[in-house]
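Student: need a structure here:
(one chain, ligands or ions: 1)
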Amino acid sequence: MELTVNDYKSSVKPIWCPGCGDYAVLNALLRAFAQLQLDPARTVVASGIGCSSRFPAFVKTYGIHGVHGRPLPLATGIKLANPDLTVVAVDKHCVEDASVIAVGGDGDGFSIGGGHFPHAARRNIDLVYIVMDNSIYGMTKGQPSPTSPEELKTKASPYGTQEEPLNPIMMALAYDATFVARTFSGQLKEMIDLFVQALQHPGFAFIQVLSPCVTFYNTYDQYRNSVRPLPAEHDPGNKMAAIQLALETETQYTGLFYRNTARPAYSQVQRQLIEQAGPKTLDDILKAYQP
Ligand code: SF4
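Tutor: Just a heads-up that it's a prediction; the model follows:
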């Protein structure tokens, strides 16, 4: 029986402020799940802490609302603990193993949990990481976050922030993430399409969603003026071109910056290692170790 968007919705209603960009992200992810007909029993959504991290409660899959900054270690552990799940074939495409999605905000992912991002990317852990980036700490009432623009005035920075913001797309490219994309909460169709592609990507897929906080830092108008699709001629296989486009700050390009399917996902490497090791005792393994 075909699953509909409603089949992936939990009975818990989101408590985000009316107009929060995170509603669109939830809507898009539920639609992507339905489009791929993901098995809810083989799908896991992991989060940290923050407004966007409430996400797992609103989705009818497995989920964990973890501790601050830790969606990536949680999602990595879930993925590594389930290496032998069978392949789910969907619409002629294959979503290997369980689908593990880590979600969170810019404070959760780039400040408190910032140390986990490079390692999930360099290991090419087979999961999707969605950061709902509103450039502010919303849940704790509007302090500057690692992606707040310089000179942003908040209650916690009455003279304006004095720090350069991080560039999440540049970070993902520098850490060698194999799928790097940006989208905007005001562009539902593009967001669904990127989530579908990310869920099918064999490896670490990072998506920055520009998702305004209407209560503490409403950037909808700003993004409507500065967001543009990536140039039609951009080749996602060209990393240097992706870097050039990511360095643009006046224009916030959206779309798929970079994709590399040649690098094996960590779960694939892990399977090969398990096969290579075979059924051995710990003593056998220690004896085989030659420094
Ligand atoms: Fe969304 Fe901001 Fe409200 Fe949090 S405080 S729910 S980020 S609008």
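Student: Any part of stretch 145-159 near the ligand?
Tutor: No: Stretch 145-159 is not in contact with the ligand by Cβ under 6 Å from any ligand atom; minimum separation 10.7 Å. C-beta coordinates here come from the backbone N, C-alpha and C atoms, glycine included.
Student: Please identify the buried residues of that stretch?
Tutor: Buried residues in stretch 145-159, counted by 16 or more other Cβ atoms under 10 Å: Ser145, Pro146, Thr147, Ser148, Pro149, Leu152, Thr154, Ser157.
Student: Now do that stretch, average pLDDT.
Tutor: For stretch 145-159, the mean per-residue pLDDT is 95.
Student: Extract the CA atoms of that stretch and return them as CSV.
Tutor: The C-alpha atoms that make up stretch 145-159 are tabulated as CSV, following Å, rounded to 0.1, in the frame of the first residue of the first chain:
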residue,chain,number,x,y,z
SER,A,145,25.0,32.3,16.7
PRO,A,146,28.1,31.2,14.7
THR,A,147,26.3,32.2,11.4
SER,A,148,25.0,35.6,12.7
PRO,A,149,26.3,38.4,10.4
GLU,A,150,28.8,40.9,11.8
GLU,A,151,27.3,43.8,13.6
LEU,A,152,24.0,42.1,14.3
LYS,A,153,22.3,43.8,17.3
THR,A,154,20.6,41.5,19.8
LYS,A,155,19.8,41.7,23.5
ALA,A,156,23.1,39.8,24.0
SER,A,157,25.1,42.1,21.6
PRO,A,158,23.6,45.6,22.0
TYR,A,159,26.5,47.2,20.1
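Student: quick one: it to chain centroid distance?
Tutor: Here the centre of stretch 145-159 is set off from its chain's centre by 24 Å, with Cα atoms, centre = their mean, to the nearest Å.
Student: can you list the residues that contact that stretch?
Tutor: Around stretch 145-159, the neighbours that count as contacts under Cβ atoms under 8 Å, 6 or more residues apart in numbering are 105-107, 110-111, 114, 133-137, 141-144, 160-166, 168, 216-217.
Student: Mind jotting down where the helices sit in the chain?
Tutor: Counting by DSSP state H, the chain has helices at residues 22-36, 71-81, 106-107, 117-123, 168-174, 188-200, 220-226, 239-246, 266-277, 282-288.
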